[in-house]
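Colleague: What follows is a predicted protein model with its sequence.
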Amino acid sequence: MERLTERLRLRMWRDDDLDPLAAMDGDPEVMRYIGDGVPRTREQTAEALVRLGLGWQERGFGLFAVEVRETGDFAGWVGLAVPEFLPEVMPAVEIGWRLGRAHWGRGYATEAASEVLAFGFREVGLDEIVSVAHVENTASLRVMAKLGMRPERRTAVPSTGRPVQVTVITREEYAATPGAASPTP
């Protein structure tokens, strides 16, 4: 499965994604708001890469690898997952993203996440999608706002105690957002 946006290709994972994914997950600046804030080892990233394919098989959705169409560069990932790390919002499906620093500040997260919201509501048939971000992760919180997501609650992740903002958008709210009905390029 592949999805195209104006500047990005959202695609399934390949074995050669390990090196750029491990570099991204090993970057302390990229990982500071993720989980416990500790960068991941190459081995941890390799294990995660194996699990990424299983999510698609089990649920019919998951995380897409994101690459820049013009260059073919791996930019990061975006997609849908079940946020089991935050039991109080369950059952739920979360939209999330992570981009390497070289790809920050270009609007890629919003562009890719917009496509994934369309996928989640139109093709997966979800009624609601949440997103969770560390309360100090202003870049991700801005993306959530641009996507039309509204704050639902502030809470803490039980395993880390880190404070997070939960945002949400319903199918009806999504349908009312500008551009929601437009076809994918």
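Modeller: Alright, I've got the coordinates.

Colleague: among the helices and strands of the chain, which has the poorest mean pLDDT?
Modeller: Across the helices and strands of the chain, mean confidence by mean pLDDT, DSSP states H and E is lowest for helix 42-59: a mean of 89.

Colleague: quick one, strands of this protein?
Modeller: 2-4, 8-11, 63-68, 74-81, 94-99, 128-134, 150-156, 163-170 (DSSP state E).

Colleague: and of those, who's closest to A22?
Modeller: When those are ranked by proximity to A22, the top entry is strand 74-81, at 10.8 Å, counting by C-beta to C-beta. For glycine as for every other residue, the C-beta is placed from the backbone atoms N, C-alpha and C.

Colleague: Check the offset of the closest one from the chain's centre.
Modeller: Centroid separation between strand 74-81 and its chain, computed with C-alpha atoms, centre = their mean, to the nearest Å, is 5 Å.

Colleague: So which elements touch it?
Modeller: Under the contact criterion of 3 or more C-beta pairs under 8 Å, 6 or more residues apart in numbering; DSSP states H and E, strand 74-81 touches strand 8-11, helix 18-25, strand 63-68, strand 94-99, helix 108-118.

Colleague: picking that back up, tell me the angle the least confident helix or strand of the chain makes with strand 74-81.
Modeller: Taking axes from the mean of the first three to the mean of the last three C-alpha atoms, to 10 degrees, one finds helix 42-59 and strand 74-81 inclined to each other by 40 degrees.

Colleague: Touching, F85 and R162? I think so.
Modeller: No: applying C-beta atoms under 8 Å as the test, F85 and R162 come out as separate, 10.3 Å apart.

Colleague: quick one: the residue most central in space within the chain from T71, how far?
Modeller: Central residue of the chain (C-alpha atoms, centre = their mean): G96, 2.1 Å from the mean position. Distance from G96 to T71, counting by C-beta to C-beta, to the nearest Å: 24 Å.

Colleague: and what of E128?
Modeller: Taking C-beta to C-beta, one finds E128 at 35 Å from T71.

Colleague: These two: who's more crowded?
Modeller: E128 (17 against 8; other C-beta atoms under 10 Å).

Colleague: And the pLDDT for the residue lying closest to the more buried one once chain neighbours are set aside?
Modeller: Spatial nearest neighbour of E128, excluding adjacent residues (C-beta to C-beta, 6 or more residues apart in numbering): T170 at 4.9 Å. Looking at T170, its pLDDT reads 97.

Colleague: I'd like the helices and strands packed on strand 74-81 laid out as JSON lines, including distance to E136.
Modeller: Below are the helices and strands packed on strand 74-81 laid out as JSON lines (distance: least, C-beta to C-beta, whole Å):
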{"stretch": "strand 8-11", "distance to E136": "26"}
{"stretch": "helix 18-25", "distance to E136": "20"}
{"stretch": "strand 63-68", "distance to E136": "23"}
{"stretch": "strand 94-99", "distance to E136": "16"}
{"stretch": "helix 108-118", "distance to E136": "17"}
